[in-house]
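Student: when you get a sec, could you give me coordinates for this:
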Amino acid sequence: MSLGLGVAQLAAPDTVRRISGVDDSPTSRTVVPLVGARELVHAAGLLTSRRKSIWAWTRVLGDAMDLASLGVAIARRGGRRRRRLVGVTGAVVGITVVDLLTAVQATRAKRSGAVQGLREGGSMELTATTTIRKTPPKVYAFWRDLGNLPTFMAHLEEIRTTGDRTSHWSASAPFGKNVEWDAEIVDEAPGEKIAWRSTGNADVANAGTVRFVPAPDGVSTEVHVVLSYDIPGGAIGKAVARYFGEEPHQQLDDDLRRLKQVLETGQVVRSDGAPWGKRARKEFPQRPAQPLSDAELAKGADA
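Tutor: This is a model prediction of the structure:
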C-alpha cells in the first residue's frame, strides 16, 4: 500500500490532488509529493527491515498526520471538493485501522519472539565425536556402567545407581557450586545406543544420547554424543561461565578425549601442567609440559 500510494503521489501528483479535492491549494502542490516520498520510505522500511513493528507504527503516525491535514482541508472547502475530501478521509480512516491492527500484531509477534529467545537463551545443545580403538560392545559396556563416567567427564563428581535404568548424578558447576539430579535411561540398544534424561526437579535439566558406531577399520568405534541442558542463570549464566573458562563445547571434546585415553591406555594422560586433573580444578588453562617443582611434587603426594 505504501509503495502504491508513494508512486502515485510522485508520478501523478495533479491527479491525486484532483481526486482528493485539494487541487486548488498551492500548499497541496508541495504536500502531496512530500507525502508520496514519505510513503516510499515506509515501503522501503517494511520490505527490507527486520524491525517490522517499528515501521508499521511509523505508518500509523503518517496516517494520523494525513487525517489531521485532511481535517484542515475539509474545514476550508465546500461543495464537491469537500465531499471528495470526506470520501478520501473515510478511506484514510480505513487504512489507519488496518495499519493500527498490523502494528499491534507486529509488536505482539516481536515480544513473543523475544520471550521465546529468552527461554531458549539458557538452553544448549552440544555434539561431539571421537574414534576409539575398541569394539562397540566394549565401549558400550564401559559407558553403560555409569559409575565409569566420572573417570573421564571432568565435571561429574559421582553417579550412584538407584535402579536398573535410574541413577543419581552429582556434578560441579562454575564458581565452586555443586548441582544434583536424578536421571533415567529412556532408550537403549545394547552395543549401539544409550539415551537418558533428567527427571523430577533437577538442578540442571538435561538429556543426552550416545551412539556407538562401528568404524570403517572394523576394530574401532565412532562415539557420537549429543547433550542438551539448561544452564543455570540462562544466557547470562552461559556467558559468565564461558568467560571464566567453563566452555561447554570444549568440555565435551575434552571428556571424549579422556574417554579415548582411558579405554586405549587405561588411564588419562595429563600434562605436567595439570597432573591432578579436576581434583585441583587445574585442567585449564593448560601450559606446556615442564618439570614439576619440589612444592608441586609435595602437593601431589599430599593429594
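
Student: flag the shaky bits of the stretch 101-250 of the chain, pLDDT-wise.
Tutor: Residues of the stretch 101-250 of the chain that meet the criterion pLDDT under 70 lie in 108-123, 174-175, 231-247.

Student: quick one: the helices in it?
Tutor: Assigned by DSSP state H, counting those that start in this stretch, the helices in the stretch 101-250 of the chain fall at 136-144, 234-243, 248-265.

Student: please name the nearest non-neighbouring residue to residue 85.
Tutor: With CB to CB, 6 or more residues apart in numbering as the criterion, residue 85 has its nearest non-adjacent residue at 4.2 Å, and that residue is residue 21. C-beta here means a position set from N, CA and C on the backbone, and glycine is covered the same way.

Student: for that neighbour, give me its contacts.
Tutor: 73, 77, 80-85, 88 (CB atoms under 8 Å, 6 or more residues apart in numbering).

Student: repeat that for 10 Å
Tutor: 28, 70, 73-74, 77, 79-89 (CB atoms under 10 Å, 6 or more residues apart in numbering).

Student: of those residues, grab the buried ones for ChimeraX.
Tutor: For the buried members of those, the matching ChimeraX selection, counting by 16 or more other CB atoms under 10 Å, is:
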select :28,70,73,74,77,81,84,85,88,89
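
Student: for this structure, what's the longest strand?
Tutor: The longest strand of the chain (DSSP state E) is strand 177-189.

Student: so for that strand, what gets flagged as buried?
Tutor: Neighbour counts using 16+ other CB under 10 Å place 179, 181-185 of strand 177-189 among the buried residues.

Student: alpha carbons of that strand, as CSV, please.
Tutor: Extracted in CSV, the C-alpha atoms of strand 177-189 (Å, rounded to 0.1, in the frame of the first residue of the first chain):
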residue,chain,number,x,y,z
LYS,A,177,28.9,-24.8,43.1
ASN,A,178,27.5,-28.3,43.0
VAL,A,179,24.4,-29.5,41.2
GLU,A,180,22.5,-32.8,41.5
TRP,A,181,19.7,-34.5,39.7
ASP,A,182,18.1,-37.9,39.1
ALA,A,183,18.2,-39.5,35.7
GLU,A,184,16.7,-42.4,33.8
ILE,A,185,17.7,-44.3,30.7
VAL,A,186,14.8,-43.8,28.2
ASP,A,187,16.1,-45.7,25.2
GLU,A,188,18.8,-48.3,24.9
ALA,A,189,20.1,-50.7,22.3
